[in-house]
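>>> please work out how this folds:
(chains A and B)
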Amino acid sequence: MEASESTDHVNYLNNGYGVKSWLLTTDHKRIAILYLISITIFFMIGGFFALVIRLTLLSPEGTLVSADTYNKMFTMHGITMIFFFLIPSIPAVFGNFLVPMMIGARDLAFPKINLLSWYVYIVGGMFTLTAMVMGGVDTGWTFYTPFSSGYSHTNVVPTVIGVFILGFSSILTGLNFIVTIHKMRAPGLTWFRLPLFIWAHYATSVIQILGTPVIAITLALVGFERIAGVGIFDPNIGGDPILFQHLFWFYSHPAVYIMVLPAMGVVSEVVTCFSRRKLFGYRQMAFASMAIAVFGFLVWGHHMFVSGQSVYAGMAFSALSFLVAIPSAVKVFNWTATLYKGTIRFQTPVLYAFGFIGLFTIGGLTGIVLATLPVDVHVHDTYFVIAHFHYIMVGGAVMGYMAALHFWWPKMTGKLYSEGWSKLAALILFVGFNLTFFPQFILGYLGMPRRYHIYPPEFQVLNVLSTAGASILGLGYIIPFFYLMWSLRKGKTAGDNPWNAKGLEWLTSSPPPTFNFEKTPIVNEEAYAYTDGVFEEDVAGG
Amino acid sequence: MNGHVVSRKVYYFIFAALMVLLILTISMAYFDLGPFNVIIALVIAIIKATLVILYFMHVRYGSRVTWVFVSAGFFWLIIMFTLTMSDFVTRFSF
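Numbering: from 1, shown residues only, chains lettered A, B, ... in the order given. Take a look at the predicted model:
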């Protein structure tokens, strides 16, 4: 690869300090930072609700909050974490920052639409936050009808308006990525030379564009039925409540892949860099990303095995659900094969990537258990399900997010963080996560249902373990906040490429100049062209 | 976007066609054709949507990638209908 070294010391962070220079920016990197700050705030809000849930479950009698308040807590935890943190997390922050840089472009195809997406996100967030402040909502994040459309006495309408608006932010981001990846690749950067991070974001964008309109209109219909009494989902007025579930899960199951596919892209970047290996089976990995995006739309009925859906449809959805295991397994095996005989440096980003591989595997395999129709009838709506999807969403998506944060932090800020503290935090996070959620598999298998604030006393030990784990997990998130902030002021200068990584984003300076590259880079080699086992120089902090 | 300029004549013609179809939709509501009521209404709606997509949204003059994405949208709609109906049409009572 060829690219000019940047001699310009003006970069995207120091080329303007005024509030206007941030709020009216069309620079994809600044918009990424705006998203980073916004989603971190929502993560803290969602974390607060999680804290209340775990503290309530310390005792079988549920002494901390009332049953009604507990309903609101788990609802708002789910809505905040899924819609306002996980879905935008890697695409809106790292996708925004890196997609143009990885393909050698100056910006995304539609910079103003990119800024608009952030404003739309904020407006959606304001609606939902207002609903929370006004007393919250208690329908569960799934908004199941007819409870949500007719019976709940909480703030359903402002909440669904918030999520409806938010959906457009996601669509705009996906649209921008697709056009950018099609139209703005550097000379020589063919489709099969693209980093897998780009393939992952392409697949994610396809889901965002094809799925999000369905959830938007479904939630609009819930609001419509609630306000105008038009019978769409409520059987009392001629509707069908299971229709809601079909439409809801048509988006919300693929939404899991909106969360986890970008994390898979991150893991591919990190695993190759820290094992100094070419990726095993590049093309299969690219096709697997697309296959997950497509298969993800064929499986939604596995959420509805006990909802009154026909048994025949249940059997079809059960069989189709197993399909997703194939491309997911291709990915796990290929990362493992990449690591095999690699020269592995155990630095912070790769620790998180290892966390992803192990925890995603457990989450995925328990997903197969849940996709098996007769087994699901036993564990449906128990803590087994809660544990399963937290292994995918926290063990998978959030671990991927943390890997990305640590891998590209030096590029984004130009600073290095403390390697010792960051390794310690990664370890604490891994231990805390497993202590929180593994007991929940056992609780669920023993029959503890989800969404109850009281439980039989024999479940207390496992619940106390889980709450203890959550405290450790919380610590694992707080420590990075401090050492990353510290690095901004006191961290060592990172240099352009502290990890000796391949990829166009590492050819430019850190932090990058406003238009990324002084001259458009020309690509003449495959992705991940690492020389097996060779570290060109000692990597940062190693 | 792709630089293709559509003449005003085409826009006026499509608009007129849409208005004729609208009148046809309303007129058909006055005839009871049994099961064909829905079928005819849907056929007219599909023609209207196709005109809007092809001319007002410029898809007719779009690149092949645009066609792929438009087709994908409809293909996904078919997935949604087919799998949802797989439940509705097999809900027998035992």
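
>>> around chain B, pick out the residues from chain A.
A:178, A:182, A:206, A:209-210, A:214, A:242-243, A:246-247, A:250, A:297-298, A:300-301, A:304, A:309-313, A:316-317 (Cβ under 8 Å from any Cβ of the partner chain). Every C-beta, even on glycine, is put in place using the N, C-alpha and C of the backbone.

>>> buried subset of these?
Buried members of these, counted by 16 or more other Cβ atoms under 10 Å in any protein chain shown: A:178, A:206, A:209-210, A:214, A:242-243, A:246-247, A:250, A:297-298, A:300-301, A:304, A:309-310, A:313, A:316-317.

>>> narrow those residues to those in helices?
Within these, residues falling in helices by DSSP state H are A:178, A:206, A:209-210, A:214, A:242-243, A:246-247, A:250, A:313, A:316-317.

>>> count the residues that sit near residue 75.
Unless you meant another one, I'm taking chain A. By other Cβ atoms under 10 Å in any protein chain shown, the residues close to A:T75 number 24.

>>> can you look at chain B instead?
B:F75: 14 surrounding residues under other Cβ under 10 Å.

>>> need the contact list for it.
Contacts for B:F75 were tallied using Cβ atoms under 8 Å, 6 or more residues apart in numbering or on different chains; there are none.

>>> what is the neighbour count of the residue in the stretch 351-500 of chain A that chain B sits nearest to?
Residue of the stretch 351-500 of chain A nearest chain B, by Cβ to the nearest Cβ: A:L373 (13.6 Å). A:L373 has 17 neighbours, counted by other Cβ under 10 Å.

>>> quick check: closest non-adjacent residue to it.
Leaving aside its sequence neighbours, A:L373 sits nearest to A:S318 (Cβ to Cβ, 6 or more residues apart in numbering or on different chains; 4.2 Å).

>>> run a quick check on that neighbour versus A:A371, I expect a contact.
Yes: counting by Cβ atoms under 8 Å, A:S318 touches A:A371, with 5.8 Å between them.

>>> mutual contacts of those two, please.
Joint contacts of A:S318 and A:A371 (Cβ under 8 Å, 6+ apart) are A:H302.

>>> which intervals of chain A have sub-threshold pLDDT?
Applying pLDDT under 70 to chain A picks out residues A:1-9, A:533-542.

>>> measure the residue nearest the centre of chain B to B:I23 for me?
Central residue of chain B (Cα atoms, centre = their mean): B:I46, 2.8 Å from the mean position. From B:I46 across to B:I23, the span is 17 Å (Cβ to Cβ, to the nearest Å).

>>> what is the rounded mean pLDDT of the lengthiest helix in chain B?
Counting by DSSP H, the longest helix found in chain B is helix B:64-88. On average, the pLDDT along helix B:64-88 is 94.

>>> what's the nearest residue to B:A45 if we skip its chain neighbours?
B:A45 sits nearest to B:T25 (Cβ to Cβ, 6+ apart), 7.6 Å away.

>>> sec struct for the one you found, please.
Put simply, B:T25 is helix when judged by DSSP: H, G, I helix; E, B strand; the rest coil.
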